[in-house]
Structure formats: structure tokens, C-alpha cells
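K.L.:
Predicted model and sequence follow; I will ask about them next.
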Amino acid sequence: MERNSEAFGKRINLLILGCMIVLVSLLHFLIPAEPHTLHKIHIVLRKLYFLPPVMAAAMFGLRGAIFTTLVISVVFISHAIFKWPENYLEQANQLGEFVGFWLAGLVSGYLFDRQRSLMESLSDANEETLLALVSALDMREKNTRLHSQRVRDYTLLLADRHGVPKVERNIIGIGALLHDVGKIAVPDHILLKPADLTEEEQAEMRRHPMEGYRLLQRIGFLKGAAEMVYAHHEHYDGNGYPRGLKGDEIPLGARLFMVADVYDAITSSRPYHSPVDYDAAANEIFSKSGSHFDPAVVETFLKIDSKAWLTIAERYQDSGAYPSTSI
Ligand SMILES: [Fe+2]
């Protein structure tokens, strides 16, 4: 779906660019160079040729800018040759403009490409920082990193098919990846306890959504994800924790995450149960629609081909060590 919308966006950009080139060329060709008043308009409109190379640079980078400048060069030069076949002074004047188009195209193309590559580096650095946070928890509670990465991809798959816009999906992906980061604040004797937790220990463990929220909400670009982390153990019927949120009070990202998290928990091998297959997991999720899960999210889940889930599971294989607690 994401690829389709990107391809659609590219086609729209291409259409806008093509229309702009045709419009500028038509204005240039159709507005006469005489009398003097019209010639002045003609000269002003000629400056519009600077727009397509810059627009192409913004839309498609340096290669797009070069190709577009090439197209307008052909149009512009043929106009100069046909309109003033003998007027070499006018042709020299237009040659100056022509050099300007190429400078505008090449410089803006280079700058837009550079900006894109800087943005990509920044995004990679953010991703690595977030993975480092997950790894910090992984060092204490084994295999949480693989679980977090799988759950992030499951949640993103659900969000995509649920029609969540791309900007929101990015936040939801971060929230899913960092959902249990608050467990860093849980003492070892509780986090790593091999036996069942006492009531007091459970209460301590159940503080982790709030601790995660407190940690993340201080960081500007993680505020949206922090809300999701805070709500990742809430149930649709209000029987979850820590706040007992109900229905739409729970952020959509957390409602999507809940289905993804349970799917991962029951299809992965754990010390306290054997993994089940996709069909059994789907039945389990369906049986909790409206209680644990948002029925609309369950409906989306059931529409997704099982192969999509299995592909993600294969991407992040467990090594055999697991979290000791299931809370
Ligand atoms: Fe959790």
C-alpha cells in the first residue's frame, strides 16, 4: 500500500511538472515579441523557465533537474533559433538565460539531493538510538529486542492495512519498538524472577508503562510514542492497566499494538507455553474482539494474508532465551 501511494505521488508530481513545462513553453511561444509592450511581457514570462528545473530538483533530485533542464533547453533554444534566425545579439542574450537555467537546475538539484541524504542519515541515527534503548533492556531481559522488532513490524503492518497515514505510522512504529522500555526501572529480582510474581511484585511490574512514558515524554520527537507506551496494556473493555482506559480513549497505536503483541506472544516459543500456528492465534484474537481488542482492529487483522505475518516472524528469529515474566 505504501509503495502504491509513493508511486501515485510520483505520478502526480510528474503530471504537475509536465503541465508547468507545457504552460511556460506555450506562454513563451504564443505571446508575441512585438509591439514593445508585449515584448516586455514576453521577456518577463521567459523567466518562468527557471521554475521547472527547481521544481524537478525538489521533486526528483539532481537527475530529475538535469532531465527537465534538458527538455526546456530544447524548447528554449528552438524558440530563439526560429524567432530570431539572423539576430545573433538576441540569440547571445538568450544564451545567457540558458546558462542561468542550467545553473538553477544543477545547484538546486545538488542541494535537494544533499538535504535528502542528510535527512536519511538523521533518520538512521534516530533508529540506531532507539534500538540502543531497546538493547539496554535486552541486556537485562533476554530476547526483548527481537520481540520488540517483531512487534513493531506486526503493528506497522496492521497500521498500514488499517489506513493509518504514514506520519502517524512512524510514531506508532517507535511506540511499538519501545513499548516495554519502562521495564528498565523494574528491579532485577522482579524482572528476572523465574517463578510467579506476588501481588506486590505484580504491582511494581505494572508500573512499567508509566515509567516508559516518563522516560520518553521528555524527548520532543518521542512524545507521541510516549502516549502509546503509557497505554500499551489497556484493554478495549476498560479492564487493562494502568489507567483502565476504555474504547477510543486508548490511542489507536496502542489498540493496534495490543493485537500485534498478543499475536507475537502466542506464536513465539516461551518457557510457559509452546508456540501456536497462525490459525490458532487468529481464533484466539477473534475470541477477544471487543474485550481485549478493538473489534475494528481485529477485523483488519483477519483480512491480512497469513503469509505477511509469517514473513515478519522469519525476519526476527528467536535464539532460545526468553523474558522470564509475561506481564
Ligand atoms: Fe509491557
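P.N.:
Looks like it came in fine.

K.L.:
The spatially closest residue to F29 that is not a sequence neighbour - how many residues pack around it?
P.N.:
Of all residues beyond its chain neighbours, the one nearest F29 is H79 (6.3 Å), with distances taken as C-beta to C-beta, 6 or more residues apart in numbering. C-betas here are computed from N, CA, C, even on glycine. By the criterion of other C-beta atoms under 10 Å, H79 has 16 neighbours.

K.L.:
Do a quick rundown of the helices in the stretch 51-200 of the chain.
P.N.:
With DSSP state H, counting those that start in this stretch as the criterion, the stretch 51-200 of the chain has helices at 51-83, 88-138, 144-161, 166-177, 188-191, 199-205.

K.L.:
Redo the ones you listed as TSV? Include mean pLDDT.
P.N.:
Rendered in TSV, the data for these read as follows (pLDDT from 0 to 100):
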stretch	mean pLDDT
helix 51-83	89
helix 88-138	86
helix 144-161	92
helix 166-177	93
helix 188-191	88
helix 199-205	92
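
K.L.:
so which of those is the most packed in?
P.N.:
Neighbour counts averaged per stretch over those are highest for helix 144-161, at a mean of 23; criterion: mean count of other C-beta atoms under 10 Å.

K.L.:
other SSEs contacting that one?
P.N.:
Helices and strands touching helix 144-161, as assessed by 3 or more C-beta pairs under 8 Å, 6 or more residues apart in numbering; DSSP states H and E, comprise helix 88-138, helix 166-177, helix 252-267, helix 295-303, helix 306-315.

K.L.:
Pretty sure N126 sits against L222.
P.N.:
No - at 9.5 Å, N126 does not count as touching L222 under the criterion of C-beta atoms under 8 Å.

K.L.:
Can you check which residues contact both of these two?
P.N.:
With contacts taken as C-beta atoms under 8 Å, 6 or more residues apart in numbering, N126 and L222 have no neighbour in common.

K.L.:
Next up, phi/psi of S289, please.
P.N.:
Geometry field for S289 lists phi and psi as phi -70, psi 130, criterion degrees, to the nearest 10.

K.L.:
Excluding chain neighbours, what is closest to it?
P.N.:
Going by C-beta to C-beta, 6+ apart, S289 has V298 as its nearest residue, at 4.0 Å.

K.L.:
what does R315 give?
P.N.:
Take R315 and drop its neighbours on the chain: the residue closest to it by C-beta to C-beta, 6+ apart is D153, 7.0 Å away.

K.L.:
That neighbour contacts T311, doesn't it?
P.N.:
No - because the distance of 9.1 Å does not satisfy C-beta under 8 Å, D153 is recorded as not touching T311.

K.L.:
Okay, domains of the protein per the record?
P.N.:
Using automatic domain parsing, the domain parsing of the chain gives 2-118, 140-315.

K.L.:
Could you dump the ones you listed into CSV with distance to L131 added?
P.N.:
Rendered in CSV, the data for the domains of the chain read as follows (distance: least, C-beta to C-beta, whole Å):
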stretch, distance to L131
domain 2-118, 20
domain 140-315, 7
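
K.L.:
Figure out which of those is closest to L130.
P.N.:
Each of those was checked against L130 via C-beta to C-beta, and the shortest separation belongs to domain 140-315, namely 5.9 Å.

K.L.:
now the closest one, how far from the chain's geometric center?
P.N.:
Once both centres are worked out by C-alpha atoms, centre = their mean, to the nearest Å, domain 140-315 turns out to sit 19 Å from its chain's centre.

K.L.:
Likewise for stretch 14-23?
P.N.:
Its chain's C-alpha centre and that of stretch 14-23 lie 28 Å apart, by C-alpha atoms, centre = their mean.
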